[in-house]
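1. quick one, structure for this:
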Amino acid sequence: MLDKPFSGLPTNIKEQKPEAVGVRIIGEVDPRTITREVFEKSPELLFHGSRKPINFSPEFNYGSKEYLTASSSATLGLGFYAIADRNEAINYSNVRPSLSGSVQRDVAHILPYKARMLDLRRKNKLNENAPVPRELVIKWRERFLADLKTKTRTESTESMLEEFQDEWENEYTEFLNQIVTKNREVDLRTLLDTVRYPSPSWTALFSDFMREEGYDGVVYNEGGERKEGRGGASYVFYNLSKIGTYENWNKL
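-> Just a heads-up that it's a prediction; the model follows:
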């Protein structure tokens, strides 16, 4: 029998904080050196579902109307989104109905090569996300605030859209200040606040910021597009020179 009531774990044992996988280089084999059959069977093959075919190339503008109306995703920054599960990519294309009524479902097969990715999934629990490293959070706030200082309005009377944008940016500034000053730990989508704000202007800036910091993209769990979807990690590429279809990689 115990002499004293059990008081829990020893005070010197602390719960381990979630830690991200961290930097990974994905794409070990040069896609220009393999056959189409080997390309399609690669364990690193990724898929991008859209409601109409996209003419992908390393110079592709993922901020263009063509891409946004076909794929319509900027929750983790403006970039090219892919997933390792082809069925989930099909689910994605199925839930993106065409605004014009013309539907041509398409799934692009993509292979990365030497892409330096920041994998924000938890090390010991890959189906969950870890917080964004604090150093990166602080740098992102500095980059965002610096960009705000350079913005000017061309007209004396601002449009309603510009007024909304100013309001969102002011609210987002306060949000970032709270995260940094209160030392809060947040995951990527919370950091970008893309739950409250659908495709805000700073998603494009974040893509530039990540490239400036030496990252070609991120890996992050967003979940499935449908209830029956299995979900899985999203691979978001901000540097398109690191990915391509078989045709892109093998152009003469």
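2. burial measure for residue 206, as a count.
-> Residues lying near residue 206 (other C-beta atoms under 10 Å) number 24. (Each C-beta comes from the backbone N, C-alpha and C, glycine too.)
3. secondary structure class for it?
-> Secondary structure assignment for residue 206 (DSSP: H, G, I helix; E, B strand; the rest coil): helix.
4. wait, isn't it in contact with residue 189?
-> No - here residue 206 lies out of contact with residue 189, judged by C-beta atoms under 8 Å, at a distance of 11.3 Å.
5. residue contacts, residue 213?
-> Residues in contact with residue 213 (C-beta atoms under 8 Å, 6 or more residues apart in numbering) are 136, 139.
6. one more: residue 121?
-> By C-beta under 8 Å, 6+ apart, the contact set of residue 121 is 20-21, 127-130, 219-221, 233.
7. mind redoing it with 7 Å?
-> 20-21, 128-130, 219-221, 233 (C-beta atoms under 7 Å, 6 or more residues apart in numbering).
8. and what about it, helix, strand or coil?
-> Residue 121 ends up strand, using three-state DSSP.
9. from residue 248, how far off is it?
-> 27 Å (C-beta to C-beta, to the nearest Å).
10. so what are the domain limits for the protein?
-> Per automatic domain parsing, the domain ranges recorded for the chain read 20-130+213-249, 134-202.
11. out of the contacts of residue 121, which end up buried?
-> 20-21, 129-130, 219-221, 233 (16 or more other C-beta atoms under 10 Å).
12. so which of the residues you listed belong to helices?
-> With DSSP state H as the criterion, helices contain none of the buried ones among the contacts of residue 121.
13. need phi/psi at residue 77.
-> Main-chain torsions, residue 77, degrees, to the nearest 10: phi 100, psi 160.
14. what stretches of the protein score poorly on pLDDT?
-> Applying pLDDT under 70 to the chain picks out residues 1-16, 62-73, 93-104, 152-163, 223-231, 252.
15. could you find the closest non-adjacent residue to the most centrally placed residue in the chain?
-> For the chain, residue 76 is the residue whose C-alpha lies nearest the centre (C-alpha atoms, centre = their mean; 3.3 Å). Once flanking residues are discounted, residue 76 sits nearest to residue 236: 4.8 Å by C-beta to C-beta, 6 or more residues apart in numbering.
16. ok, now residue 183?
-> Nearest to residue 183 is residue 134, by C-beta to C-beta, 6+ apart, at 7.5 Å.
17. try residue 139
-> Residue 139 sits nearest to residue 213 (C-beta to C-beta, 6+ apart), 6.9 Å away.
18. check the gap between the one you found and residue 133 for me.
-> According to C-beta to C-beta, residue 213 and residue 133 sit 11 Å apart.
19. repeat for residue 165
-> Per C-beta to C-beta, residue 165 is found 29 Å from residue 133.
20. kindly report the same for residue 118.
-> Distance from residue 118 to residue 133, by C-beta to C-beta: 8 Å.
21. circling back to that earlier point, tell me the most buried of the domains of the chain?
-> domain 20-130+213-249 (a mean of 17; mean count of other C-beta atoms under 10 Å).
22. return the set of residues that bridge with the residue nearest to residue 76.
-> residue 81, residue 218 (DSSP bridges).
23. which one's the longest helix in the protein?
-> In the chain, with assignment by DSSP H, the single longest helix is helix 160-181.
24. would you put the C-alpha positions of that one in CSV?
-> Extracted in CSV, the C-alpha atoms of helix 160-181 (Å, rounded to 0.1, in the frame of the first residue of the first chain):
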residue,chain,number,x,y,z
MET,A,160,-15.0,49.4,-51.3
LEU,A,161,-12.8,46.4,-52.1
GLU,A,162,-9.7,48.4,-51.1
GLU,A,163,-11.4,49.5,-47.9
PHE,A,164,-12.1,45.8,-47.1
GLN,A,165,-8.5,44.9,-47.9
ASP,A,166,-7.2,47.6,-45.6
GLU,A,167,-9.5,46.4,-42.8
TRP,A,168,-8.4,42.7,-43.3
GLU,A,169,-4.7,43.7,-43.4
ASN,A,170,-5.1,45.8,-40.2
GLU,A,171,-6.8,42.9,-38.4
TYR,A,172,-4.2,40.5,-39.7
THR,A,173,-1.4,42.8,-38.4
GLU,A,174,-2.9,42.7,-34.9
PHE,A,175,-3.3,38.9,-35.2
LEU,A,176,0.4,38.5,-36.0
ASN,A,177,1.4,40.8,-33.3
GLN,A,178,-0.5,38.8,-30.7
ILE,A,179,1.0,35.5,-31.9
VAL,A,180,4.5,36.9,-31.6
THR,A,181,4.1,38.9,-28.4
